[in-house]
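Visitor: model this:
(4 chains)
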4 protein chains.
Amino acid sequence: MDSPIKVTVWNEFVHERTMEDVKKLYPAGIHAVLADYLNKAGMEAVTATLDQPEHGLTDEVLDRTEVLIWWGHMHHHEVDDEIVEKVRRKVLAGMGLIVLHSGHNSKIFKRLLGSDCRLKWRESGDAERLWVVKPGHPIAAGVGDYIDLEHEEMYGEIFDIPDPDELIFVSWFSGGEVFRSGCTFTRGKGKILYFRPGHETYPTYYNEKIIRVIQNGVKWARPIEISPIVFGHVEAGGVGQTHPK
Amino acid sequence: MDSPIKVTVWNEFVHERTMEDVKKLYPAGIHAVLADYLNKAGMEAVTATLDQPEHGLTDEVLDRTEVLIWWGHMHHHEVDDEIVEKVRRKVLAGMGLIVLHSGHNSKIFKRLLGSDCRLKWRESGDAERLWVVKPGHPIAAGVGDYIDLEHEEMYGEIFDIPDPDELIFVSWFSGGEVFRSGCTFTRGKGKILYFRPGHETYPTYYNEKIIRVIQNGVKWARPIEISPIVFGHVEAGGVGQTHPK
Amino acid sequence: MDSPIKVTVWNEFVHERTMEDVKKLYPAGIHAVLADYLNKAGMEAVTATLDQPEHGLTDEVLDRTEVLIWWGHMHHHEVDDEIVEKVRRKVLAGMGLIVLHSGHNSKIFKRLLGSDCRLKWRESGDAERLWVVKPGHPIAAGVGDYIDLEHEEMYGEIFDIPDPDELIFVSWFSGGEVFRSGCTFTRGKGKILYFRPGHETYPTYYNEKIIRVIQNGVKWARPIEISPIVFGHVEAGGVGQTHPK
Amino acid sequence: MDSPIKVTVWNEFVHERTMEDVKKLYPAGIHAVLADYLNKAGMEAVTATLDQPEHGLTDEVLDRTEVLIWWGHMHHHEVDDEIVEKVRRKVLAGMGLIVLHSGHNSKIFKRLLGSDCRLKWRESGDAERLWVVKPGHPIAAGVGDYIDLEHEEMYGEIFDIPDPDELIFVSWFSGGEVFRSGCTFTRGKGKILYFRPGHETYPTYYNEKIIRVIQNGVKWARPIEISPIVFGHVEAGGVGQTHPK
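Guide: This is a model prediction of the structure:
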């Protein structure tokens, strides 16, 4: 009944070309793997990368995008401020945004949240277990009580974000840390999901439950409609009177 | 027992020098009136204005400030981006921030909140009644069920802010609008209060209950301590092991 | 693709049989009008009323119900505590619940929220304008900036509810009050919507936008699945060790 | 300046008289240890126990109580429903409530929250680390990044509570679980803190940081004033008119 959701998967796409272990895991890039899974689920996913003109986020691409997925790591500073502002305005108008893993440090995420989104981290192959703390939420549908990842980069609290609207996953790491791994936010009419897992040196994005959460997130973040809200000067509302009695 | 709270009241301070009706109401400036009320309540309030070097917000001033109050209207764009960023970092480290009335459109407020903070407005002397919706909150202490203002500028929904942590006041306007007039937010360790009333052409800042709310807000926003949070790379926590089994 | 949502509309159904003006507006009862609108929208709505055995909420009825709508006014105390507890357990397991108007004082709403849900009220035919304060939320889809109701019973703050998860509508009343008219809550896996309008002496439930919101609410509150969460004693998680070192 | 906070520490007080290992740790009862620490901090703490008339919670005691602390475990069902309702009404009127450890299953906590507050658990002496996730909050003052407890009973998610107003601590357990260990709620004018640690077989309530959090919590939960809110029928507000135009 509903038309397919139009998704754009953005990736920095550097590690997959410069680091052998990452290339083996994601030879066509993390974005290609994610887009493939989304297309198989009946969505219409395309990709965009840092090295393309306007980082692949032209007006044409953004105008068709209902949900934008963002993966970046070491090259956040190379993303053009004007593109970031264009994406931010699209989110305020209703476009959904899903920020993955090290995207916590992206310009767009920090700009929309207002804080610095810092955290503790350690690349030591910790075991991670993501516990569902908001059962019944559509983003957690079908994953049961938790998701196990054999090895992941550790992200630990304090995670310097504003209090999320909803907290859906909390991670346990074998080294002794916890992390708010699934957090939703709203900015303007746009829904935002931060979802932690996905270090480039692990096969996290082939994990069935991780993919399920990302698919759930796309469905959840889809806008009802993308349009600006009307603001500014208004006359009296018609129901009242400005100068009472 | 507690030492006096150190407050800095920042004001654009233009209207009071350029518009006769405003000058009559606030001859020494809105900041002077507010600082005076705070000092009388046992706080240590100083002032800072747009036209001072660094807008009066030097490192020395910011270092002593526990709570910063912000009033601005038509000259937001003249506030230097570097000062804005310095204030933002102080808020993340714990400094309280109280944004009044048209400060909703200030760089610092929009930068910390991430959205554009737009709204509907009308200068027509509407009657305003601010209803308490969170009784028992320290910011609403002593004001009873509501605050009446005979005439105010109207601000109407949709107010394009992220969902506040706490909603304390909702305004009714005679012309037919409502507005979330008392909203709290957290960014980093810093507490933020937005409080709507205070148009420059009305004697709002001489209203006893309005002053009471601002004083309450200052006490609420005072940091326990101002210090940065430690982030970054960490070794395993000591309680766990990174490579289980 | 999706199967039709199974809704049960519960109504006290007393006023429509005892008061002439109400009977004229809703000759077959408020529940019949609401169920009719939902069925026309492709849902499968049935009704249940106070005077039926088990108030019409037998195990069989509850087991088929994905979303329960509740309207009551003067006979809340006649609802059996055991039925209330059965409904509460269904909500915790995932059944959606939409509480309308004077249902704020129903046993089931107060039991799930924990506070007394009191408010100010006045039957004086105030004009009401419901302002959207969370644009982009699916419950507000298609209603624009606000909903106008020519006459309604006034409900005013303080509304003694816990802070809602989401605030979607705020009402303006011509007599000078405001009210949080569209509020969502979560209990267990169940989604709850309180939606204010619907006094029995006004044709509110024939208003196109009011019906739209109720239909939106049913879609939003539909559970992904209705099933209890597993709690209780557990062995160590498999990823960790209970006695470290 | 401020008068001492009046606290009542309620304890089931059964384990300390029936189990040798608990008796050794808390010979005069957990309530005595907690009251002692609060009194040393300049508060005025008294105690009340299950076996006293009205469980020690007479009108006289409740009338003097600004903050009530609750510890119970196996005898929740013996607490009289009328006393529970009396306590609930006091919380709605403004009395603070701090629920510790197995008090999650007390009648008063479940009644105020509306859900069943169930969880996973294991008595296996797990190591626990409570991470601060809301730095700058007064309840977390002075504890640094985390609190370590060498051995504790494990409580694991899903914790079946409504979304807390504020999430302050998240626990990591060596066996593989996480838990929202410091949660605040509001009901009426009353502030509620749930704080997880404190199994009767461990010396948790002699831990300096745990005591610090409980003292912080008492200060945070203290009401500004304890008084009922006015509800019910009201005349038009004086600023508006019920029949516009």
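Visitor: how about residues contacting stretch A:11-26?
Guide: A:27-33, A:47-51, A:71-76, A:200-203, A:205 (C-beta atoms under 8 Å, 6 or more residues apart in numbering or on different chains). For every residue, glycine as well, the C-beta is placed using N, CA and C.
Visitor: which among those count as buried?
Guide: A:29-33, A:47-50, A:71-73, A:76, A:200-202, A:205 (16 or more other C-beta atoms under 10 Å in any protein chain shown).
Visitor: identify those among these that sit within strands.
Guide: Those of these mapping onto strands are A:47-49, A:71, per DSSP state E.
Visitor: closest to chain D among these?
Guide: residue A:71 (24.5 Å; C-beta to the nearest C-beta).
Visitor: please tell me the pLDDT value assigned to that closest one.
Guide: For residue A:71, the pLDDT comes out at 98.
Visitor: now it: how far from chain C?
Guide: Note on residue A:71: its distance to chain C, by C-beta to the nearest C-beta, to the nearest Å, is 24 Å.
Visitor: then residue A:112?
Guide: With C-beta to the nearest C-beta as the criterion, residue A:112 and chain C are 14 Å apart.
Visitor: can you check residue A:61 too?
Guide: Counting by C-beta to the nearest C-beta - residue A:61 and chain C are separated by 21 Å.
Visitor: which helices and strands sit right next to the helix or strand hosting that residue?
Guide: Here residue A:61, judged by DSSP states H and E, is contained in helix A:59-64. Helices and strands in packing contact with helix A:59-64 are listed as strand A:6-11, helix A:81-92; criterion 3 or more C-beta pairs under 8 Å, 6 or more residues apart in numbering or on different chains; DSSP states H and E.
Visitor: okay, angle between whichever helix or strand comes after the longest one and strand A:6-11 too, please.
Guide: In this case it means helix A:81-92. Following helix A:81-92 in sequence order, the next helix or strand is strand A:96-100 (DSSP H and E). On the basis of axes from the mean of the first three to the mean of the last three C-alpha atoms, to 10 degrees, strand A:96-100 is oriented at 30 degrees to strand A:6-11.
Visitor: now stretch A:76-91: buried residues?
Guide: So for stretch A:76-91, counting by 16+ other C-beta under 10 Å, buried means A:76, A:79, A:83-84, A:86-88, A:90-91.
Visitor: report the buried residues of the helix holding residue A:61.
Guide: Buried-residue list, helix A:59-64, by 16+ other C-beta under 10 Å: A:61-62.
Visitor: show me what it is in contact with.
Guide: So helix A:59-64 is contacted by A:6, A:8, A:46, A:48, A:68, A:86-87, A:90, A:95 (C-beta under 8 Å, 6+ apart).
Visitor: again, only this time at 6 Å
Guide: Residues from elsewhere that reach helix A:59-64 (C-beta atoms under 6 Å, 6 or more residues apart in numbering or on different chains): A:6, A:90.
Visitor: can you show me the CA trace of that helix as PDB?
Guide: The C-alpha trace of helix A:59-64 is given here as PDB (Å, rounded to 0.1, in the frame of the first residue of the first chain):
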ATOM      1  CA  ASP A  59      19.700  19.200  -3.800                       C
ATOM      2  CA  GLU A  60      18.300  16.500  -6.100                       C
ATOM      3  CA  VAL A  61      19.500  13.700  -3.800                       C
ATOM      4  CA  LEU A  62      18.300  15.400  -0.600                       C
ATOM      5  CA  ASP A  63      14.900  16.200  -2.200                       C
ATOM      6  CA  ARG A  64      14.200  12.500  -2.800                       C
END
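Visitor: from the buried residues of stretch A:76-91, pick the one nearest residue B:211.
Guide: Nearest to residue B:211, judged by C-beta to C-beta, of the buried residues of stretch A:76-91 is residue A:88 at 36.7 Å.
Visitor: how close does that closest one get to residue A:95?
Guide: 10 Å (C-beta to C-beta, to the nearest Å).
Visitor: need the contact partners of stretch A:183-200.
Guide: A:15, A:22, A:91-92, A:94-101, A:112, A:152-153, A:155, A:164-167, A:181-182, A:204-205, A:210, A:217, A:221, B:114-115, B:160, C:135-136.
Visitor: so for it, first residue to last residue, what's the gap.
Guide: Terminal residues of stretch A:183-200 are spaced 21 Å apart (C-alpha to C-alpha, to the nearest Å).
Visitor: do the same with stretch A:108-118
Guide: 14 Å.
Visitor: just stretch A:184-198 next, same as before
Guide: 18 Å.
Visitor: average pLDDT across that stretch?
Guide: Mean predicted lDDT for stretch A:184-198 stands at 97.
Visitor: roughly how far is it from the heart of the chain?
Guide: 6 Å (C-alpha atoms, centre = their mean, to the nearest Å).
Visitor: any idea of the mean pLDDT in the top strand by length along chain A?
Guide: Longest strand in chain A, counting residues (DSSP E): strand A:120-132. In this model, strand A:120-132 has a mean pLDDT of 95.
Visitor: which is the succeeding secondary structure element to that strand?
Guide: strand A:146-156.
Visitor: anything in that next one near chain B?
Guide: No - on the criterion C-beta under 6 Å from any C-beta of the partner chain, strand A:146-156 is out of touch with chain B, staying 6.6 Å away.
Visitor: could you check the angle that strand makes with strand D:146-156?
Guide: Using the same axes, to 10 degrees: strand A:146-156 against strand D:146-156 is 180 degrees.
Visitor: which other helices and strands does strand A:146-156 contact?
Guide: strand A:120-132 (3 or more C-beta pairs under 6 Å, 6 or more residues apart in numbering or on different chains; DSSP states H and E).
Visitor: and the strand it packs on, which residues are buried?
Guide: A:120-122, A:124-132.
Visitor: ok, how many other residues are close to the nearest residue to residue A:84 once chain neighbours are set aside?
Guide: Distances taken as C-beta to C-beta, 6 or more residues apart in numbering or on different chains place residue A:107 nearest to residue A:84, at 4.6 Å, with adjacent residues excluded. For residue A:107, the neighbour count with other C-beta atoms under 10 Å in any protein chain shown is 19.
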